[in-house]
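>>> Fold the following.
(one chain, ligands or ions: 2)
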Amino acid sequence: MKYLHQMITVLGLSVALAGFYGCGKPRDVGGDILDRDAAQKVYVAPGQKDEFYEFMSGGFSGQVSVYGLPSGRLFKTIPVFSQFAENGYGYDEESRNMLMTSQGLIPWDDSHHPQLSQTKGEIDGKWLFINGNNTPRIARINLKTFETEEIIEIPNTGGNHPSPFQTENSEYLMSATRFSLPIPQKDIAVESAASQGDLKGTVTLVKVDPATGRMSVELQVLVPGFDYDISHCGKGPSHDWCFFTTYNTEQAYKMKEIESSRNDKDYILAFNWVQAKQCAEQGKSKDFGGTYYNNFRASNSITVSEKREGVKLLDPVDCPGMMYYLPTPKSPHGTDVDPSGEYIVGAGKLATVIPVHSFSKLMKAIQDKKNVIKEIQGIPVLDYQSTLAGEVVKPCLGPLHTEFDGKGFAYTSCFVSSEIVKWKLGTWEVVDRVPAYYSIGHLSIPGGDSAKPYGKYMIALNKIAKDRYLPTGPEVTQSAQLYDISGDRMKLLLDFPTVGEPHYAQGVPASLLMPNSQKIHLLSENSHPYATKNESDAKVAREGNIVHVYMTSIRSHFKPDVVEAKVGDTIYFHVTNLEQDFDIDHGFAVEGMQNANILIMPGETKTIRYEAKSAGIFPFYCTDFCSALHQEMQQYLRISL
Ligand code: K7E
Ligand code: CUA
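Ligands and ions are numbered 1, 2, ... in the order given. Modelled structure (predicted):
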């Protein structure tokens, strides 16, 4: 046997008898750790439900996917930043505007960091926020409907990667600059911009209305033009502060691979957002330019796109004590705050230790001026030792992200050595490690970045799947792995493929969301201007060469039976689903549809545009198998000259 495992097969499952391995070295390098116990732990019997929802970002898919844990079953893709022909999101007239930006309609983005809204640092089950990285945006998903309800664009920033990290009660979402830029934008050679110090960054405070979830850009703070990376805000004693890692403090703009790795330490930016607000209220910010869009679903379910101009901009020079840089080795990526709010963990991609800063030491260090080793554009840099709680020594290669189990342990993902290390808060000793297959990025424990982790499962989000699944040509899936972390040792339970590239993911007990999950839209509350609530009101109305079809759908027909229009017409099909039963949706598509089909949920109205280009008789039909006579749910559009 090549590995220290004997492979056997039980009930069609590949099962390995795991041996015992000492602490501190990878167990089972390259093999499978599965046993009967593991199979039982992930088996959710037919008709049974999963214990947790897991929301995964889609990365380059721009969406969010929803899985169940421990089964790893995919429930749904929630379209967010990318058009989704499957249900018409981003194509239909109700949701198209959701993708509007200051650069026009942008039908794609790169989504990274889902954040479940919190109250007192605990997941409250109201909303899921997620960033669009490429064209800076933040989206809000309603967890009653699992639908994107709002997107706000972030002006004066480049690459919305360190986003949308929330404060303890989701009062604010923080959003920082990944790529520094001229602010405001201007026509300048990159070389000149770099040498003149014209490349700058911002941290944006996006306010969240506690009742409605509506987002607004309240304040931006100018920061030196480093590259900012993942952040986390404090909780409990550190409630007023947020922490952002930085890399490329060398401010290189070419040969970055080498040039941006010269410094032994970059920084974690500690930012007192409460003080920033106070400074702004005292008039210390100035009015600054910046065009951005805020798109939101109005009560009639049509997305309104509002263009906004101008922001309040605060310079750290004008608000002393608001920001400090904490030296942190080396090119850090993640920073994570433990459930108590005391420990701030940095994870340097090129570092040999995992440094942990102490919030209480930071507060003390700020008092004593001798800890300031220099100042960068009004931001004091503190001595490394003055804020350090401890270091996890030789944890692994390429530490990236850390989550917590609420039982005094932290779990750090290590990309280069492709493993997860478990270590103890306070003593900083590594107590366990397991391999990840392969090249883990984020990891996720339900509630693992909150004040109340549910430390039962951990998910590894791996960048590379290679040989883990059946081959599917050159492009293969990314891969998630589920570990049991309820005992002393981490234990691999399950591999499952994912959609797009999940960067971060967040889980929540199903019991927190299930009772509120909406089943239908009440037809009586449908205030869509083109809703048709009775079949007898179905009609075709013409305004010049614009044709509005007021259409109803119910098992198993549409009204009107036949729609007539002319070549050159633009036809809007406003289809209302009259059903009031859970899970009875209808779909709608016309032959030659130029955009997408629409799926209409019970009680809802959706509108899709159709350009009548040539004369003839064109069938339309229901695309969602809804009844015994679903196939009969087909009718005609006649287009005449
Ligand atoms: Cu992939 Cu948080 Cu965008 Cu790390 S990020 S891996
Ligand atoms: Cu309605 Cu199929």
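>>> where exactly do the strands run in the stretch 151-300 of the chain?
Taking DSSP state E, counting those that start in this stretch, the strands of the stretch 151-300 of the chain run over residues 165-166, 172-176, 201-208, 215-223, 227-233, 241-247, 265-272, 286-297.
>>> now the residue in the stretch 501-641 of the chain that ligand 1 sits nearest to: how far from ligand 2?
Nearest residue of the stretch 501-641 of the chain to ligand 1, counting by CB to the nearest ligand atom: residue 503, 3.5 Å away. (C-beta placed from N, C-alpha, C; glycine too.) Distance, residue 503 to ligand 2, by CB to the nearest ligand atom, to the nearest Å: 37 Å.
>>> Equivalent analysis for residue 39, please.
When residue 39 is compared with ligand 2 (using CB to the nearest ligand atom), they lie 38 Å apart.
>>> same deal with residue 112?
Counting by CB to the nearest ligand atom - residue 112 and ligand 2 are separated by 36 Å.
>>> So for ligand 2, which of the strands of the stretch 151-300 of the chain sits nearest?
Per CB to the nearest ligand atom, nearest to ligand 2 of the strands of the stretch 151-300 of the chain: strand 286-297, 24.3 Å.
>>> and the helix or strand just after the closest one, how far out from the chain's middle?
Using DSSP states H and E, the next helix or strand after strand 286-297 towards the C-terminus is strand 303-314. Put simply, strand 303-314 sits 22 Å off its chain's centre (CA atoms, centre = their mean, to the nearest Å).
>>> In its sheet, which strands sit next to strand 303-314, and in what direction?
The strands beside strand 303-314 in its sheet (DSSP bridges) come out as strand 215-223 (parallel), strand 286-297 (antiparallel).
>>> before we move on, the earlier item: the residue of the stretch 501-641 of the chain closest to ligand 1 against residue 61, yeah?
No. Taking contacts as CB atoms under 8 Å, residue 503 lies outside contact range of residue 61: 11.2 Å.
>>> near ligand 1, which residues of the stretch 501-641 of the chain show up?
503, 504 (CB under 6 Å from any ligand atom).
>>> whoops, I mixed them up, the chain
112, 113, 161, 230, 333, 400, 401, 441, 442, 503, 504.
>>> What are the phi and psi values at the third one?
The main-chain torsion angles of residue 161 are listed as degrees, to the nearest 10 and equal phi -90, psi -50.
>>> repeat for residue 362
The phi/psi pair for residue 362 (degrees, to the nearest 10) is phi -60, psi -40.
>>> Check residue 487 too.
Dihedral angles (degrees, to the nearest 10) for residue 487: phi -100, psi -170.
>>> mind checking pLDDT for it?
At residue 487, the model reports a pLDDT of 96.
>>> Neighbours of it, how many?
8 (other CB atoms under 10 Å).
>>> going forward can the numbers begin at 3, since that is how I track them
Yes, from this point I'll number from 3; that puts the last item at residue 489.
>>> how close does the residue in the stretch 3-152 of the chain positioned nearest to ligand 1 sit to residue 89?
At 3.7 Å from ligand 1, residue 114 is the closest residue in the stretch 3-152 of the chain, using CB to the nearest ligand atom. Residue 114 sits 23 Å away from residue 89, going by CB to CB, to the nearest Å.
>>> do the same with residue 307
20 Å.
>>> More neighbours: which of these two?
Neighbour count, other CB under 10 Å: between residue 307 and residue 89, residue 89 has more, with 23 against 16.
>>> I appreciate the help and will end here.
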